[in-house]
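> Sequence and computational prediction follow.
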Amino acid sequence: MPGAYWIAHVTVTDEEAYAKYAVLAGKAIAEHGGRFLARGGAAIQKEGRAHPRNVVAHFPSLEAANACYESATYKEALSHAKGASERDLVLVEAIE
């Protein structure tokens, strides 16, 4: 089964609260076999709405990526992100 990607575009509006999200989200991602491929860093926006923070994580499967999102640890993380950021997130299956 191919892997999957978690692709997030984020504008942080409350650094302190979002830092709590980042710690818990990183834990949830690792618990589900995910690993970060990009987390912040330089980016060149070519189309669509720009966000200053872009994150890409790889998971062993789309099911694992979704299980991470639905996990209790990630739900706790989200409680810190809501109101502290504007986010777009997609989980997408890899082709290889």
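Sure, I can see it. Residues are numbered from 1 along each chain as shown.

> From the contact counts, what lies against the lengthiest helix in the chain?
What stands out as the longest helix in the chain, according to DSSP state H, is helix 15-31. Helices and strands touching helix 15-31, by 3 or more C-beta pairs under 8 Å, 6 or more residues apart in numbering; DSSP states H and E, are strand 35-39, helix 62-70, helix 72-81. C-beta: built from backbone N, CA, C; applies to glycine.

> what's the closest of these to residue 52?
Closest of the helices and strands packed on helix 15-31 to residue 52 is strand 35-39, at 12.6 Å (criterion: C-beta to C-beta).

> Return the alpha-carbon coordinates of stretch 14-26 using PDB.
Output in PDB follows, covering the C-alpha atoms of stretch 14-26 (Å, rounded to 0.1, in the frame of the first residue of the first chain):
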ATOM      1  CA  ASP A  14      -1.100  33.200  18.700                       C
ATOM      2  CA  GLU A  15       2.500  31.900  18.900                       C
ATOM      3  CA  GLU A  16       2.200  30.700  22.500                       C
ATOM      4  CA  ALA A  17      -0.900  28.600  22.000                       C
ATOM      5  CA  TYR A  18       0.300  27.300  18.700                       C
ATOM      6  CA  ALA A  19       3.600  26.100  20.300                       C
ATOM      7  CA  LYS A  20       1.500  23.800  22.500                       C
ATOM      8  CA  TYR A  21      -0.300  22.500  19.400                       C
ATOM      9  CA  ALA A  22       3.100  21.800  17.700                       C
ATOM     10  CA  VAL A  23       4.400  19.700  20.600                       C
ATOM     11  CA  LEU A  24       1.300  17.500  20.800                       C
ATOM     12  CA  ALA A  25       0.800  17.300  17.000                       C
ATOM     13  CA  GLY A  26       4.400  16.200  16.600                       C
END
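
> This completes my enquiry, with thanks.
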